[in-house]
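Engineer: I'll drop the sequence and a predicted model, then ask my questions.
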Amino acid sequence: MRPRKRRVLDQSLLVLGAGALATGLAVLTLAPGTSAASSHREAPLIAGDPRADNTDVYAFTSPDRADTVTLLANWIPFQEPNGGPNFYAFADDARYHIKIDNTGDGRADVTYTWRFKNKTRDAANQFLYNTGPVTSLSDPDLNFRQVYNLTVTDSRGRTRTLLRDAPVAPSRTGEASMPNYGALRAEAVRKAPRGAKAFAGQSEDPFFADLRVFDLLYGGDLSKRGQDTLAGYNVNSVALQIPKKDLALRGNSSRNPVVGVWSTTERRGANVYDSRNKKTNTGWRQVSRLGNPLVNEVVVPLKFKDAFNSISPDQDRTVQPVVDKVYNPILPKLIQKVYGVPAPATPRNDLAEIYLTGICKACGPIKADLNAHSLNKDAPRRAIVPAEELRLNMGVAPTGKPQRLGVLAGDLAGFPNGRRLTDDVIDISLQAVEGAAQTGTLVPALAEGDKVDANEVPFAAKFPYLAVPHTKSVNSGPQGNGMRQTAMNTSQASALGAAGALLLGAGGYRLRRRRTNS
């Protein structure tokens, strides 16, 4: 099949790159003594501290409350549902943050912080997480529980408490133990001041992908794609639904609609030292950071992965060795080596625009205004710096029928304009890394992406939108998690708009999942 071509014009090009092409930046002089990793197990020290491991961050205009933004962040990857008897708790010696930059200087202007506390009813005479069926969060049969305090801090360091001792939705220990987990989930959704809502607890892992891509890009055999590696696993999630005015610069989301979002984890006593001065700081230290998906996994070289987790976005532009990997990324070279697909010419100014400056007509080669901080009318222009953040234009209305390919499908409310739960960031990445915006040519061999198009279970229609946790063992049945995927024909491509139809026409597809008996 011959490559199909399209003109590189306006908003249909905003698809460029997924987090796999984002800038992953690290400070050469920082070496964490204890660290975690952003996304799923991508940095060398991740195995040592999964409770501090950010897996994914999402930011989108709430589909059922368009005057609000929903922020989601997940931790503790690859939770086997039956992994008791202690199951999965947030760390009570860490601080979990979601940070907002509304000025473009790479620093947090609004920081939401969760601190968790453990409560055990009977630690001396019980080993069980719960001692009977749990029907409410205050049920005495729930032997272990967590509560949290939620605070918000502004750019001047002023902090106020939004929630105190709010209950955490527990790990779902099984159908016998928690016969109506949906009721427990609903009970854990709490109203916060000024029209906000908050949630913390276990959920089904919403990220979907065939991660065997890291086996030398499916071992050079694209017929081996299509197994959702994350299917059947759970994560721990925090979620906020916040009025847009609480996030926007000067409280005005009409004049200043763009925000940058990322999450971090801090630990006390995580020794991060300066290799030149040999000074050790044992106070609160950032050990994990995540904005766009897959940044640290695919862009950042091994040498800098752990250090990336310890810095703030305002430092990103100062680290030239890793900035260079945005302009001359590693992944296209690997694709060329394995599949013979020529790597696009460098420097990749298009990728730098998307992930360092945001997208605007004056920012770089993509002639469209979408989510650059320079679009905020009150943002001080001289303070705006290149920084890796998940950028969201809150002025873009939610889409009635979201398209999994986001902006590529003409759906401007999707990735890379923020990130929704249904956005297929892997497939977006694979075309972007091959320079679709530069050449106007799609690569037929990669047009089907990883052949995992959607989550294995549907998401909820209301906050926190996440699916309830799985209870079935991941390794049950002949198909592992018991999920099977079948391909559909390409007749659905027309619903995706011209750019999406072009992508799907070049060997496109859509997948359905159905449960098998196991």
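Structural biologist: Nice, I can see it.
Engineer: please, which helix or strand holds residue 81?
Structural biologist: Assigned by DSSP states H and E, residue 81 belongs to no helix or strand.
Engineer: what pLDDT does the residue sitting furthest away from the middle of the chain get?
Structural biologist: For the chain, the residue at maximal distance from the C-alpha centroid (C-alpha atoms, centre = their mean) is residue 125, at 40.1 Å. pLDDT, residue 125: 94.
Engineer: and if you look at residue 291?
Structural biologist: 92.
Engineer: can you give me phi and psi for the residue farthest from the centre of the chain?
Structural biologist: phi -120, psi 10 (degrees, to the nearest 10).
Engineer: how near is it to residue 142?
Structural biologist: Distance, residue 125 to residue 142, by C-beta to C-beta, to the nearest Å: 16 Å. (Each C-beta comes from the backbone N, C-alpha and C, glycine too.)
Engineer: one more: residue 408?
Structural biologist: Distance of residue 408 to residue 142, given as C-beta to C-beta: 45 Å.
Engineer: ok, these two, which is more surrounded?
Structural biologist: residue 408 (29 against 24; other C-beta atoms under 10 Å).
Engineer: isn't that one right next to residue 425, touching?
Structural biologist: No - using C-beta atoms under 8 Å, residue 408 is not in contact with residue 425, being 11.1 Å away.
Engineer: ok now stretch 307-324, how far from the chain's centre?
Structural biologist: Put simply, stretch 307-324 sits 19 Å off its chain's centre (C-alpha atoms, centre = their mean, to the nearest Å).
Engineer: with stretch 122-136 instead?
Structural biologist: Using C-alpha atoms, centre = their mean, the offset of stretch 122-136 from its chain centre is 33 Å.
Engineer: now the nearest residue to residue 461 once chain neighbours are set aside, what's its secondary structure?
Structural biologist: Of all residues not flanking residue 461 in the chain, residue 64 sits nearest, at 7.0 Å (C-beta to C-beta, 6 or more residues apart in numbering). Recorded secondary structure, residue 64: coil (DSSP: H, G, I helix; E, B strand; the rest coil).
Engineer: would you check that residue 64 makes contact with residue 464?
Structural biologist: No - Residue 64 lies out of contact with residue 464 (C-beta under 8 Å); the separation is 11.9 Å.
Engineer: who has more neighbours, these two?
Structural biologist: residue 464 (25 against 12).
Engineer: surely the more buried one is within a helix?
Structural biologist: No - Residue 464 is assigned coil when assessed by three-state DSSP, not a helix.
Engineer: any idea of the mean pLDDT in stretch 96-115?
Structural biologist: On average, stretch 96-115 scores 98.
Engineer: likewise stretch 61-70?
Structural biologist: On average, stretch 61-70 scores 97.
Engineer: how deep is residue 67 tucked in, by neighbour count?
Structural biologist: Using other C-beta under 10 Å: residue 67 sits among 12 other residues.
Engineer: measure it to residue 191 for me?
Structural biologist: 16 Å.
Engineer: same check, this time on residue 109
Structural biologist: Residue 109 is 24 Å from residue 191, by C-beta to C-beta.
Engineer: where in the stretch 1-150 of the chain is pLDDT low?
Structural biologist: For the stretch 1-150 of the chain, the stretches with pLDDT under 70 are 1-47.
Engineer: can you give me the strands in it?
Structural biologist: 30-32, 54-61, 68-79, 94-101, 110-120, 144-154 (DSSP state E, counting those that start in this stretch).
Engineer: for the longest one, packing partners?
Structural biologist: In this case it means strand 68-79. strand 54-61, strand 94-101, strand 196-204, strand 234-243, helix 244-247, strand 258-268 (3 or more C-beta pairs under 8 Å, 6 or more residues apart in numbering; DSSP states H and E).
Engineer: nearest to residue 302, out of these?
Structural biologist: strand 54-61 (18.7 Å; C-beta to C-beta).
Engineer: now that closest one - C-alpha only, CSV.
Structural biologist: Output in CSV follows, covering the C-alpha atoms of strand 54-61 (Å, rounded to 0.1, in the frame of the first residue of the first chain):
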residue,chain,number,x,y,z
ASN,A,54,3.2,8.3,39.3
THR,A,55,1.7,6.3,36.5
ASP,A,56,-0.5,8.7,34.6
VAL,A,57,-2.0,12.2,34.7
TYR,A,58,-5.2,13.4,33.1
ALA,A,59,-6.7,16.9,32.7
PHE,A,60,-9.9,17.6,30.8
THR,A,61,-13.0,19.8,30.9
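Engineer: buried sites along stretch 374-393?
Structural biologist: 374-376, 379, 384-393 (16 or more other C-beta atoms under 10 Å).
Engineer: low pLDDT regions in the stretch 251-400 of the chain?
Structural biologist: Short version for the stretch 251-400 of the chain, where the test is pLDDT under 70: 270-282.
Engineer: circling back to that earlier point, between residue 109 and residue 191, tell me which one has more neighbours.
Structural biologist: residue 109 (20 against 11).
Engineer: list the contacts of the more buried one.
Structural biologist: Listed by C-beta atoms under 8 Å, 6 or more residues apart in numbering, the contact set of residue 109 reads 100-103, 154-155, 249.
Engineer: straight-line length of stretch 117-131, end to end?
Structural biologist: End-to-end distance of stretch 117-131 (C-alpha to C-alpha, to the nearest Å): 20 Å.
Engineer: actually stretch 324-334, not the one I wrote
Structural biologist: 17 Å.
Engineer: follow-up on the earlier one: for the residue farthest from the centre of the chain, which residues are in contact?
Structural biologist: For residue 125, no contacting residues are found, by C-beta under 8 Å, 6+ apart.
Engineer: would you mind measuring from it to residue 145?
Structural biologist: 17 Å.
Engineer: quick one: which of the helices and strands packed on strand 68-79 is nearest residue 222?
Structural biologist: In terms of C-beta to C-beta, the element of these nearest to residue 222 is strand 54-61, at 25.2 Å.
Engineer: ok, residue 405 to residue 432 distance?
Structural biologist: Distance from residue 405 to residue 432, by C-beta to C-beta: 11 Å.
Engineer: same check, this time on residue 315
Structural biologist: 25 Å.
Engineer: again, but for residue 363
Structural biologist: Residue 363 sits 17 Å away from residue 432, going by C-beta to C-beta.
Engineer: and if you look at residue 367?
Structural biologist: Per C-beta to C-beta, residue 367 is found 17 Å from residue 432.
Engineer: what's near enough to touch residue 390?
Structural biologist: By C-beta under 8 Å, 6+ apart, the contact set of residue 390 is 57, 59, 260-262, 291-292, 418-419.
Engineer: show me where the stretch 251-400 of the chain has strands.
Structural biologist: Going by DSSP E, counting those that start in this stretch, the stretch 251-400 of the chain shows strands at 258-268, 272-274, 279-281, 284-290, 390-393.
Engineer: which elements pack onto the longest one?
Structural biologist: To tie it back to what came earlier, the one meant is strand 258-268. Strand 258-268 packs on strand 54-61, strand 68-79, strand 94-101, strand 284-290, strand 390-393, going by 3+ C-beta pairs under 8 Å, 6+ apart.
Engineer: need the ones you listed in TSV (columns: distance to residue 337).
Structural biologist: As requested, those are exported to TSV (distance: least, C-beta to C-beta, whole Å):
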stretch	distance to residue 337
strand 54-61	29
strand 68-79	28
strand 94-101	37
strand 284-290	28
strand 390-393	30
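Engineer: pull out the buried residues from the contacts of residue 109.
Structural biologist: Using 16+ other C-beta under 10 Å, the buried ones in the contacts of residue 109 are 100-103, 249.
Engineer: tabulate the residues you listed (JSON lines), appending distance to residue 229.
Structural biologist: Shown next, in JSON lines, are the buried ones among the contacts of residue 109 (distance: C-beta to C-beta, whole Å):
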{"residue": "100", "distance to residue 229": "31"}
{"residue": "101", "distance to residue 229": "31"}
{"residue": "102", "distance to residue 229": "35"}
{"residue": "103", "distance to residue 229": "38"}
{"residue": "249", "distance to residue 229": "39"}
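Engineer: for these, which one is nearest residue 301?
Structural biologist: Using C-beta to C-beta, residue 101 comes nearest to residue 301 of the buried ones among the contacts of residue 109, at 25.5 Å.
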